[in-house]
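Novice: Okay, here's the prediction I keep looking at, along with the sequence it came from:
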Amino acid sequence: MGQSPTMPQGFSQMTSFQSNKFQGEWFVLGLADNTYKREHRPLLHSFITLFKLRDNSEFQVTNSMTRGKHCSTWSYTLIPTNKPGQFTRDNRGSGPGADKENIQVIETDYVKFALVLSLRQASNQNITRVSLLGRDWKITHKTIDRFIALTKTQNLTKNNLLFPDLTDWLLDPKVCLEHHHHHH
């Protein structure tokens, strides 16, 4: 089975998680991943992740990334586990060899930021990813410090850190937004 994220040192286990407050749009403001290297930086454009609550407390997650005049989107479903803020990614329909992934919201205030830890078992390696999500582009130093502290608990280094290039977004924010709104 996939490993379940345990609470990293210096972070306390959530006692409750309010899915209804967590849903909606988040901007991905920082990513750290043990497969990332410096040369990947130019490939990461800013993207939005939209959490939509479905009737049975599952989240449908849709990511949209602006690349020049194009918007790439990809979606998946998160199924809650019995731990607050912890989910497994639904692989129904992805075929038997699909990766197992466990996702834990480590900290969030629902209105400004969220820190999310994802552990994924791919065929040839375990992939650890930490995401810093924000409701807008403004982020405090304190939040960035928490993000960095969390990456360190996962043995991620500076070279594994990516902060998306926002110039892309600021140049043409409409590409993905229009895309999002047509989906409804």
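Specialist: That came through, no problem.

Novice: and stretch 102-119, what's its mean pLDDT?
Specialist: When pLDDT is averaged over stretch 102-119, the result is 96.

Novice: So for that stretch, what gets flagged as buried?
Specialist: 102-108, 113-119 (16 or more other C-beta atoms under 10 Å). (Glycine included, C-beta is placed from N, CA and C.)

Novice: Mind putting those residues into JSON lines with distance to Gln86 and secondary structure?
Specialist: Supplementary listing: the buried residues of stretch 102-119 in JSON lines, determined by distance: C-beta to C-beta, whole Å; DSSP: H, G, I helix; E, B strand; the rest coil:
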{"residue": "Asn102", "distance to Gln86": "7", "secondary structure": "strand"}
{"residue": "Ile103", "distance to Gln86": "7", "secondary structure": "strand"}
{"residue": "Gln104", "distance to Gln86": "5", "secondary structure": "strand"}
{"residue": "Val105", "distance to Gln86": "8", "secondary structure": "strand"}
{"residue": "Ile106", "distance to Gln86": "10", "secondary structure": "strand"}
{"residue": "Glu107", "distance to Gln86": "13", "secondary structure": "strand"}
{"residue": "Thr108", "distance to Gln86": "13", "secondary structure": "strand"}
{"residue": "Phe113", "distance to Gln86": "18", "secondary structure": "strand"}
{"residue": "Ala114", "distance to Gln86": "13", "secondary structure": "strand"}
{"residue": "Leu115", "distance to Gln86": "13", "secondary structure": "strand"}
{"residue": "Val116", "distance to Gln86": "10", "secondary structure": "strand"}
{"residue": "Leu117", "distance to Gln86": "9", "secondary structure": "strand"}
{"residue": "Ser118", "distance to Gln86": "11", "secondary structure": "strand"}
{"residue": "Leu119", "distance to Gln86": "11", "secondary structure": "strand"}
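
Novice: so which of those comes closest to Ser72?
Specialist: Of all the buried residues of stretch 102-119, Ser72 sits closest to Ser118, with 19.2 Å by C-beta to C-beta.

Novice: Report the beta-bridge partners for the closest one.
Specialist: Ile103, Arg129 (DSSP bridges).

Novice: That one contacts Thr128, correct?
Specialist: Yes. Contact criterion C-beta atoms under 8 Å: Ser118 and Thr128 qualify, at 7.5 Å.

Novice: any idea which residue sits dead centre in the chain?
Specialist: The centre of the chain sits closest to Ser131, judged by C-alpha atoms, centre = their mean, with a distance of 4.7 Å.
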